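Q: How does the following fold in three dimensions:
(chains A and B)
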Number of protein chains: 2
Amino acid sequence: MKTFLALLIWCCTANLIQAQAPLPSWNDTAAKKAIVAFVEKVTTEGAPTFVPVPERIAVFDNDGTLWAEQPLYFQAFFVFDRIKALAPEHPEWQTKEPFASILKGDHKGIAAAGEKGMAAALAATHSGMTTEEFSKAVTDWITTAKHPKTGKLYTEMVYQPMLEVLAYLKSKGFKTFIVSGGGIEFMRPWTERVYGIPPEQVVGSSGKLKYELRDGIPVLVKLPEIELVDDKEGKPVGIQSHIGRRPLMAFGNSDGDLQMLQWTAAGPGNRFALLVHHTDAEREYAYDRTSHIGKLDKALDEAAAKGWTVVSMKDDWAPIFPTQK
Amino acid sequence: MKTFLALLIWCCTANLIQAQAPLPSWNDTAAKKAIVAFVEKVTTEGAPTFVPVPERIAVFDNDGTLWAEQPLYFQAFFVFDRIKALAPEHPEWQTKEPFASILKGDHKGIAAAGEKGMAAALAATHSGMTTEEFSKAVTDWITTAKHPKTGKLYTEMVYQPMLEVLAYLKSKGFKTFIVSGGGIEFMRPWTERVYGIPPEQVVGSSGKLKYELRDGIPVLVKLPEIELVDDKEGKPVGIQSHIGRRPLMAFGNSDGDLQMLQWTAAGPGNRFALLVHHTDAEREYAYDRTSHIGKLDKALDEAAAKGWTVVSMKDDWAPIFPTQK
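A: Numbers count the residues shown, from 1 in each chain, chains lettered A, B, ... in the order given. Predicted coordinates for the structure are as follows:
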């Protein structure tokens, strides 16, 4: 009898874990209720709204939705730190923009270099090396670099309530994907550890790659040409290219996510679209319609018009970050 | 006690099923033994060769590896049939190549139109519509069209021994991906039903997509520009772009798969590379170094030099197709 019980416990533990109350870091407000109600609706066997497991696809923006994005996208800090690290090999950067301003920490000079300057900085730090060399550079940085305001590791600035949404959906048979304007190769080295999302479920902006043999060893070299800008109209394109079916649920926080939410919500049957609204200046940041980073304007209007769920971080989230108790 | 037993059976059935002898349609030759030995090696807990489940990635070419590819890639028959179906809307095709030759069934004329002709036929049948319209056209065709020689549905010309490899690897915690020179959107509508491989695990050649609103309804339109030719050097690129980690096992059948096998085999630790050699003129086809379709020349030499597994369809496979008993 004892053996049977032990085997039973061993076999069924996974099912029991799922029975815990979901989303403990969410206040008991309309947003949490909307998420749970939708998930119950599509996962209740026998219900007319039931959706089979393979079609349970949920997509998440990263910057501003799963982790913070102020005062700049965290990948920009990676670019700046890489330029500082690579500067000894590039003496010409001391006088060439945007590199000179980045090396001096001159934010006005960086801003003056504009989009063309950022493209040059991106190309200098994101191409010319193999995918494995780049992955190592990201891993070294993400495990040591600290956020300029909070002094935390960037991976400590993920949102605890969203980690719980990821885990909850996974426990309900969903496959969770990141669909981010950030670089696909910048995210993959750490998303499995931090979010439980494996590299093959990460969609992001990408550059072209070239396969070649170096002394007989195959490598993939990152080229400076853009392959996909996975933002705005690019997000449904990235979803189709990588996933090949329309998501059931989509989570974003800015106008860059509008088309992803439109594409998701327009699917047949029940669909779920959610926007994270940054409303908590005290515990995180408060910004929307006029922000340079994570501007939320048109998508906020469309959410109201279409009845999408809008999360107020201040009102709907108990802790925001994992370490806030 | 009865209840406990019932629960135990319900909970553990999945584990018991895995205990059946794998690969029943494979003769007991070196190829089968090599597959099983490798899988045992990387899945035996505690062994120094053990590989954790998330890293168990296996990639499969499609044409000539999972289903037949003679006398032409099956997607070419789809192109011809679509041109016939669309001809009433295109009276100019009656006199314009390669369409005129395709409509007359003039194989010499089609061949004379060359690569430029095939590109025009591909563009005419694979772009200008939404992804959903294209998916419907593929589904209608694949469920009704018959192979010119065998009279079978194309999906009946999949290889039973390879279906068993897919199922065996899945039961051992592997994620299986198709990495094919064929069109990604041509495969996705039926790979889940036929191979148990969901759309998000299909990598293939692709065209660019454009997101737009048509009367307020979001659609993705297939454009005539090429995004990725997922063949030869393109295969490791497609693998990195879609999967983001190096496979543990790779299965191919032609020189188009050489770089995928190189990239896989060059990974650290134990890796497995296999070529299907078409050696059975009686039950399927026999071709290799001089074939126009599925040419196997350089990869066969490299397999010999590097000790990759080479399957002889005639000697290693008991039945070839699912309906041959």
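Q: need the residues of the stretch 51-200 of chain A near chain B, please.
A: Residues of the stretch 51-200 of chain A lying near chain B by C-beta under 8 Å from any C-beta of the partner chain: A:54, A:57, A:131, A:175, A:177, A:184-185, A:188, A:192, A:198-200. In this view, the C-beta of every residue, glycine as well, is placed from N, C-alpha and C.
Q: at 7 Å instead, please
A: A:54, A:131, A:188, A:192, A:198-200 (C-beta under 7 Å from any C-beta of the partner chain).
Q: Go through those residues and name the one nearest B:Thr95.
A: Proximity of these to B:Thr95 (C-beta to C-beta) peaks at A:Pro54, which lies at 46.4 Å.
Q: got a list of what the closest one touches?
A: Contacts for A:Pro54 were tallied using C-beta atoms under 7 Å, 6 or more residues apart in numbering or on different chains; they are B:192, B:198.
Q: which helix is the longest one in chain A?
A: helix A:107-126 (DSSP state H).
Q: buried stuff in it?
A: Neighbour-count burial for helix A:107-126, counted by 16 or more other C-beta atoms under 10 Å in any protein chain shown, picks out A:109-110, A:113, A:117, A:120-126.
Q: Just the C-alphas of it, formatted as PDB.
A: Taking Å, rounded to 0.1, in the frame of the first residue of the first chain, the C-alpha atoms of helix A:107-126 are listed here in PDB:
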ATOM      1  CA  HIS A 107      23.600  61.700 -23.300                       C
ATOM      2  CA  LYS A 108      23.000  64.900 -25.200                       C
ATOM      3  CA  GLY A 109      25.600  63.900 -27.800                       C
ATOM      4  CA  ILE A 110      24.100  60.400 -28.000                       C
ATOM      5  CA  ALA A 111      20.700  61.800 -28.600                       C
ATOM      6  CA  ALA A 112      22.100  64.200 -31.300                       C
ATOM      7  CA  ALA A 113      23.500  61.300 -33.200                       C
ATOM      8  CA  GLY A 114      19.900  60.200 -33.700                       C
ATOM      9  CA  GLU A 115      18.600  57.000 -35.300                       C
ATOM     10  CA  LYS A 116      21.600  56.800 -37.700                       C
ATOM     11  CA  GLY A 117      23.900  56.900 -34.700                       C
ATOM     12  CA  MET A 118      22.000  54.200 -32.900                       C
ATOM     13  CA  ALA A 119      22.100  52.000 -36.000                       C
ATOM     14  CA  ALA A 120      25.900  52.500 -36.200                       C
ATOM     15  CA  ALA A 121      26.300  51.600 -32.500                       C
ATOM     16  CA  LEU A 122      24.000  48.500 -32.900                       C
ATOM     17  CA  ALA A 123      26.000  47.300 -36.000                       C
ATOM     18  CA  ALA A 124      29.300  47.800 -34.100                       C
ATOM     19  CA  THR A 125      28.100  45.700 -31.100                       C
ATOM     20  CA  HIS A 126      25.700  43.200 -32.700                       C
END
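Q: Please give me every residue in contact with the spatially most central residue of chain A.
A: Here the mean C-alpha position of chain A is nearest to the C-alpha of A:Asn62 (C-alpha atoms, centre = their mean), at a distance of 1.7 Å. Neighbour list for A:Asn62: A:178, A:180, A:182, A:187 [criterion: C-beta under 7 Å, 6+ apart].
Q: Relative to A:His147, how far out is the last one?
A: Read it as A:Met187. Distance, A:Met187 to A:His147, by C-beta to C-beta, to the nearest Å: 17 Å.
Q: Which one of the two is surrounded by more residues?
A: Legend: neighbour count by other C-beta atoms under 10 Å in any protein chain shown for A:Met187 and A:His147, higher for A:Met187 (26 against 16).
Q: Surely the more buried one is in contact with A:Ile178?
A: Yes: judged on C-beta atoms under 7 Å, A:Met187 makes contact with A:Ile178 at a distance of 6.3 Å.
Q: list the residues that contact both of these two?
A: Shared contacts of A:Met187 and A:Ile178 (C-beta under 7 Å, 6+ apart): A:62, A:202.
Q: Closest one to chain B out of the residues of the stretch 51-200 of chain A next to chain B, please.
A: A:Pro199 (3.1 Å; C-beta to the nearest C-beta).
Q: Next, work out how far apart the closest one and A:Gln75 are.
A: With C-beta to C-beta as the criterion, A:Pro199 and A:Gln75 are 17 Å apart.
Q: more neighbours, these two?
A: Taking neighbours as other C-beta under 10 Å, A:Pro199 and A:Gln75 compare with A:Gln75 leading, 24 against 20.
Q: ok, residues contacting the one helix or strand that one maps to?
A: Using DSSP states H and E, A:Gln75 falls within helix A:74-86. Residues from elsewhere that reach helix A:74-86, judged by C-beta under 7 Å, 6+ apart: A:99, A:102-103, A:121-122, A:124-125, A:137, A:141, A:145, A:154, A:182-183, A:186.
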